[in-house]
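**Student:** Have a look at this fold, sequence not included:
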Ligand code: PHE
């Protein structure tokens, strides 16, 4: 097992916050949030999602960071260090498995961002004058199997290149510079989008809940989205917390990351939905939503060509800082627990993920049988399936187990100690008390109730 003191660290709170925000902010905010909100009826989904971020996301984020920093280990090693010879390390194992599952479909969408960067750069995207034209560019693009596979592979290659270089050298430098630039660009796009004709309809769609749409799948989707977007439930924040210096204040760091992530998701909504109502696209049109809607706004603004290129470049980079964190969880497990070198772990796992990504890459029309086509021999859409299994269910089960561990097994007093480790400040009693209740009772119970309802009613998808 690697000596924890040689594992490297972030250079300080700002470096950590930007790197963790880099993990959290990614396709989950800009691709997954708008399309899930669109499928979940808009405002209703958004309100439930925000509630879950606040009540479940923030406490689980703090618990994961505290476990990581205390143990300075990967998710499996962290549980081993806290409760040796128990079954708890299996929770970390589930996290590692989930990381594989997520990376295998995430890299496909990340590959699309590279493809769109290429189409924006060549000027091809300027043909996306309305939702129809843009939709047909999208469907032609994703139906090309060679493109889809090669782009996912290229994206994984980029990820491997950064992760094999180690923690603060690669990851931190990228996140520090580019996340703020992305933020500014999103604000510019949101302003443009809202000022389009019918733009305000998009805002009211995004924020007005229609309670008659309430269903189990909306609640499950919102829970999965809150966890997915914050990178929670699989130990990514345990891993990132393990690189956090001892003297930093985790309360603040964790809350900032959650705030930044949620702000970016809402900003993405403020870009997509006004533009969608302007262009006349369908909110519930699924994973292609963002790729269909966005090009139509670029064509409605001055310097649209440059904005489009910059946007897809930054989106690819935001996705990269997330794929880095996914691969980092897997690599840190194989390095710490299995004694592999970082180099070997990065290449082998990256290649494994690539092989697993192939069915998802073919799921969007490239091979009709894999695309939900009625008459295919497998009438499944692997991308949606993986997104659901790993991105919603597995993360929820993981988050539930992490809460039970942190609140009951490890215990709130130790958890609070680990959170406050180092900075010497003890938080006021009400905050500590509320956190205790959330992590022990409210979070695990809420997740459990949703999961039980899903099982009992059999409404898995
Ligand atoms: N949070 C990332 C995003 O929003 C995805 C992710 C999920 C990363 C789980 C790590 C762990 O894009």
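**Tutor:** On my side now, so go ahead. Bear in mind the structure is a predicted one, so any value in this text is a computation, not a measurement.
**Student:** give me every residue that touches residue 274.
**Tutor:** With C-beta atoms under 8 Å, 6 or more residues apart in numbering as the criterion, the residues that contact residue 274 are 193, 194, 196, 198, 199, 200, 201, 202, 203. Every residue, glycine included, has its C-beta placed from N, CA and C.
**Student:** again but with residue 226, I slipped
**Tutor:** By C-beta under 8 Å, 6+ apart, the residues touching residue 226 are 49, 52, 53, 56, 57, 232.
**Student:** would JSON lines of the residues you listed with neighbour count, distance to residue 414 and secondary structure be doable?
**Tutor:** As requested, those are arranged in JSON lines below (neighbours: other C-beta atoms under 10 Å; distance: C-beta to C-beta, whole Å; DSSP: H, G, I helix; E, B strand; the rest coil):
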{"residue": "49", "neighbour count": "28", "distance to residue 414": "31", "secondary structure": "helix"}
{"residue": "52", "neighbour count": "23", "distance to residue 414": "26", "secondary structure": "helix"}
{"residue": "53", "neighbour count": "23", "distance to residue 414": "25", "secondary structure": "helix"}
{"residue": "56", "neighbour count": "27", "distance to residue 414": "21", "secondary structure": "helix"}
{"residue": "57", "neighbour count": "28", "distance to residue 414": "22", "secondary structure": "helix"}
{"residue": "232", "neighbour count": "28", "distance to residue 414": "20", "secondary structure": "coil"}
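**Student:** and this structure, which of its residues are near the ligand?
**Tutor:** When proximity is defined by C-beta under 6 Å from any ligand atom, the chain lies next to the ligand at 23-24, 26-29, 102, 228-229, 231, 234, 236, 322, 325-326.
**Student:** residue in this structure nearest to the ligand?
**Tutor:** Across the chain, the shortest distance to the ligand (C-beta to the nearest ligand atom) belongs to residue 28, at 2.1 Å.
**Student:** Would you agree that residue is in contact with residue 229?
**Tutor:** Yes: using C-beta atoms under 8 Å, residue 28 and residue 229 qualify as a contacting pair, with a distance of 4.1 Å.
**Student:** who touches both of these two?
**Tutor:** Looking at what touches both residue 28 and residue 229 (by C-beta under 8 Å, 6+ apart), the common residues are residue 265.
**Student:** Pull the residues that contact stretch 354-364.
**Tutor:** For stretch 354-364, the surrounding residues in contact (C-beta under 8 Å, 6+ apart) are 100-101, 103-105, 107-108, 111, 142-143, 145, 148-149, 152-153, 156, 287-288, 370-372, 380-384, 386.
**Student:** sorry, back to before: which two among the residues of the chain next to the ligand are spaced furthest apart?
**Tutor:** When those are compared pair by pair using C-beta to C-beta, the farthest-apart members prove to be 29 and 234, with a separation of 17.2 Å.
**Student:** who's more crowded, the two?
**Tutor:** Taking residue 29 and residue 234 together and counting by other C-beta atoms under 10 Å, residue 234 has the greater number of neighbours (33 against 28).
**Student:** Show me the shaky parts of the stretch 1-150 of the chain.
**Tutor:** The stretch 1-150 of the chain contains residues with pLDDT under 70 at 1-13.
**Student:** So residue 48 lies in a strand, does it not?
**Tutor:** No: when DSSP: H, G, I helix; E, B strand; the rest coil is applied, residue 48 is found to be helix, with no strand at that position.
**Student:** Pretty sure it sits against residue 222.
**Tutor:** Yes: between residue 48 and residue 222 there is a contact at 4.0 Å, judged by C-beta under 8 Å.
**Student:** residue ranges of the strands in the stretch 151-300 of the chain, please?
**Tutor:** In order along the chain, the stretch 151-300 of the chain carries no strands (DSSP state E, counting those that start in this stretch).
**Student:** So, low pLDDT: which residues of it?
**Tutor:** Regions of the stretch 151-300 of the chain meeting the criterion pLDDT under 70 cover residues 167-175.
**Student:** One more pass at 80, please.
**Tutor:** For the stretch 151-300 of the chain, the stretches flagged by pLDDT under 80 are 166-179, 247-248.
**Student:** remind me, longest helix of the protein?
**Tutor:** Ranked by residue count and defined by DSSP state H, the top helix of the chain is helix 304-338.
**Student:** Just the buried residues of that helix, please?
**Tutor:** Using 16 or more other C-beta atoms under 10 Å as the burial criterion, the residues of helix 304-338 that qualify are 304-305, 307-337.
**Student:** now the helix or strand just after it: how far from the chain's centre is it?
**Tutor:** The first helix or strand that comes after helix 304-338 along the chain, using DSSP states H and E, is helix 342-361. Helix 342-361 sits 18 Å away from the centroid of its parent chain (C-alpha atoms, centre = their mean, to the nearest Å).
**Student:** Same question for stretch 102-121.
**Tutor:** 15 Å.
**Student:** Can you give me the buried ones in it?
**Tutor:** Of the residues in stretch 102-121, those buried under the neighbour-count criterion (16+ other C-beta under 10 Å) are 102-120.
**Student:** Spell out, range by range, the helices that occur in the stretch 101-250 of the chain.
**Tutor:** In the stretch 101-250 of the chain, the segments counted as helices under DSSP state H, counting those that start in this stretch are 131-142, 145-163, 173-194, 199-207, 216-229, 236-241, 250-279.
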